[in-house]
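no sequence for this one, just the structure:
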């Protein structure tokens, strides 16, 4: 332990973070071991870069000069594309076991007034089915329709992982075959002092940590072994959705077909949109910036663009992001090739 502590202390001193060991002599062996393991899991070289770029320098966000509405395939094709052909393409991919479901479920139900993982919240108005059951029943229906086993990947958080697993066990996995469910917790990032960039302690023997957000779900797929499991199963595309969406189509054949086979699709990442109801609606908007599609948050989109209309009086910037995506597995693998 003394050699390990000396090595960790030396590393922290080199990065100006040795203060996190100020209570080390007051800790039990178990607490000390846990703190050292927590510190060792952090790449301090990368952390220095983040602190310099995003904490101590605090760059002001700037909008690009040219922002255009992002193109999209409307729900009603109206002669613009062959919806049935894309549906059949998506159905064929499902039937061949090429598509997996991926639920981002790390949140707690606090804002819903619910004490527990958000996925356990009784979401349906009559039967009170929990969100997880809503998704499970869709998966079971798709398996029956297409005669295939559909793997379901669920990203929890360190806070709700145990409760989520217990909830599934108590409910017999809602009828889904256990070997088709792959749960894993999302990654965590250390909390930093805004003025100095110093690591913060939650307790004398514990760093203050926070979930690394939805963006971290891609890395978590790789580090958890989920990507390897997908590859072993022959999965090629991943249907991503967040747990707080009881109306989501877990696997949408038309969306899958468009993502995988449309001529103008890279089959890397595709996103669903819902038309904005009014200019001030608090939802991020898909925009086209310098040849790439981006989401600009409602708080950042200039008011004149938010209110801009076409000749029919419809909002030009109306493609609201609802965090429903299709991801190509090769794309995920490329993004996470250097993941720890």
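That came in fine, so what should we check first? Predicted, not measured: the structure shown is a model, and the values here were computed from it. Residues are numbered from 1 along each chain as shown.

Show me the helices in this structure, by range?
Listed in chain order, the helices of the chain (DSSP state H) span 2-14, 29-40, 44-50, 83-95, 131-146, 161-170, 216-223, 226-233, 253-261, 303-306, 329-335.

mind putting these in CSV, distance to residue 207, mean pLDDT and mean neighbour count included?
All C-beta atoms are positioned from the backbone trio N, CA, C, and that covers glycine. Formatted as CSV, these follow (distance: least, CB to CB, whole Å; pLDDT from 0 to 100; neighbours: other CB atoms under 10 Å):
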stretch, distance to residue 207, mean pLDDT, mean neighbour count
helix 2-14, 11, 94, 13
helix 29-40, 5, 95, 15
helix 44-50, 11, 94, 13
helix 83-95, 43, 98, 18
helix 131-146, 31, 98, 18
helix 161-170, 18, 97, 16
helix 216-223, 17, 94, 21
helix 226-233, 26, 98, 17
helix 253-261, 39, 98, 23
helix 303-306, 40, 94, 14
helix 329-335, 27, 97, 17
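
between the ones you listed, which one is nearest to residue 66?
For the helices of the chain, the distance to residue 66 is smallest for helix 303-306, at 11.2 Å, taking CB to CB.

chain center to that closest one, what's the gap?
Put simply, helix 303-306 sits 28 Å off its chain's centre (CA atoms, centre = their mean, to the nearest Å).

for that helix, packing partners?
On a contact count with 3 or more CB pairs under 8 Å, 6 or more residues apart in numbering; DSSP states H and E, helix 303-306 meets no helix or strand.

if you set the cut-off to 10 Å instead, what comes out?
Judged by 3 or more CB pairs under 10 Å, 6 or more residues apart in numbering; DSSP states H and E, the packing partners of helix 303-306 are strand 285-289.

in the strand it packs on, what's buried?
285, 286, 287 (16 or more other CB atoms under 10 Å).

hang on, isn't the last one packed against residue 296?
Yes: at 5.0 Å, residue 287 and residue 296 qualify as touching, with contact defined as CB atoms under 10 Å.

Overlap of the contact sets of those two?
Common contacts of residue 287 and residue 296, defined by CB atoms under 10 Å, 6 or more residues apart in numbering, comprise 63, 64, 67, 70, 305, 317.

And the buried residues of strand 285-289, which is closest to residue 166?
Nearest to residue 166 among the buried residues of strand 285-289, with distances taken as CB to CB, is residue 286, at 38.0 Å.

coming back round to it: out of the shared contacts of residue 287 and residue 296, which comes closest to residue 276?
residue 317 (7.6 Å).

Would you point out which residue is most central in the chain?
In the chain, the centroid-proximal residue (CA atoms, centre = their mean) is residue 214; its distance is 3.1 Å.

Please tell me I have it right and that residue contacts residue 242.
Yes: assessed by CB under 10 Å, residue 214 is found in contact with residue 242 at 7.4 Å.

which residues are common contacts for the two?
104, 106, 155, 323, 325.

check contacts around the first one.
In this case it means residue 104. Applying CB under 10 Å, 6+ apart, the residues contacting residue 104 are 119, 153-157, 186, 213-214, 216-217, 220, 240-245, 323.
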